[in-house]
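>>> Below is the sequence, then the predicted model.
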Amino acid sequence: MGELWSRLSERQKKIFSWLAVVLIAGIGLLIFQPARPAEFPAGLSEGRSVDAKPASSAPETLEKELAAILNAMLGGRRVEVFLTMESGPRLVLAYDLTEEERYGAEGLTERRRTSHPVLMRNDAERKEVPLVVEEIEPTVRGVLVVIDGEASPELRLAVSQAAATALQVPMYRIEVLFKQ
């Protein structure tokens, strides 16, 4: 290697050293790069809806956030919030659809339709996962808010409007009760 290096001109040595620096930086970026989810176009194939894993944390998180907002709005009154969800979270998966049509003797036609979920390889975890086209969040069916203190129509309206705005729920699906 020493003979090769001695035969190079100063310009070639400089270019070679810059290439080595760029190569080392590239390898470093590949090694220390954080994993990102792969993005694929949504129109790859037919999507079907599948129930996601039961996530009880989504309603609980919404309840806690709304209770914190209403507690801050009411300035110290204790507020309890209960949400009723219409359905759980769902995932729409991409499917690879194959249709075959065979014409047999005597005018008979055989049609075969097969579909398989499109799988992506997750090299970081060394497993295959289905390609998710869309994730549908659960929708809120109803809201119950219980407030410590005396009943007041103005307060009931303000809390109902705040809950309707925060959750994007119509007012008739919100009930505000007072606990004395």
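Alright, I've got the coordinates.
>>> Val92: neighbour count?
Under the neighbour criterion other Cβ atoms under 10 Å, Val92 is assigned a count of 17. In short, each C-beta sits where N, CA and C put it, glycine included.
>>> ignore the last one, Leu157
With other Cβ under 10 Å as criterion, Leu157 counts 12.
>>> got it, and the one 10 residues further on?
Neighbourhood size, Leu167 [other Cβ under 10 Å]: 18.
>>> Give me the below-cutoff pLDDT ranges for the chain.
1, 33-57 (pLDDT under 70).
>>> Spatially, which residue comes closest to His116, not counting chain neighbours?
Asp96 (5.1 Å; Cβ to Cβ, 6 or more residues apart in numbering).
>>> which element is the one you found on?
strand 90-103 (DSSP states H and E).
>>> Kindly report the same for Val129.
Assigned by DSSP H and E, Val129 falls in strand 127-130.
>>> OK, contacts around the closest residue to Leu144 other than its chain neighbours?
When the adjacent residues along the chain are set aside, Leu144 lies closest to Phe82, with 4.4 Å between them (Cβ to Cβ, 6+ apart). Neighbouring residues of Phe82 by Cβ atoms under 8 Å, 6 or more residues apart in numbering: 63, 143-144, 146.
>>> And Phe82, its phi and psi?
The phi/psi pair for Phe82 (degrees, to the nearest 10) reads phi -130, psi 130.
>>> how far away is it from Ala163?
Computed as Cβ to Cβ, to the nearest Å, the Phe82 to Ala163 distance reads 11 Å.
>>> any residues in contact with both of these two?
Val143.
>>> Not counting its neighbours along the chain, what's nearest the spatially most central residue of the chain?
Nearest residue to the geometric centre of the chain (Cα atoms, centre = their mean): Glu135, 5.6 Å. Spatial nearest neighbour of Glu135, chain neighbours left out: Leu91 (5.6 Å); criterion: Cβ to Cβ, 6+ apart.
>>> That neighbour and Ile15, how far apart?
For Leu91, the distance to Ile15 (Cβ to Cβ) stands at 51 Å.
>>> And the two? Which one has more around it.
Leu91 (17 against 12).
>>> where does Pro59 fall, helix, sheet strand or coil?
helix (DSSP: H, G, I helix; E, B strand; the rest coil).
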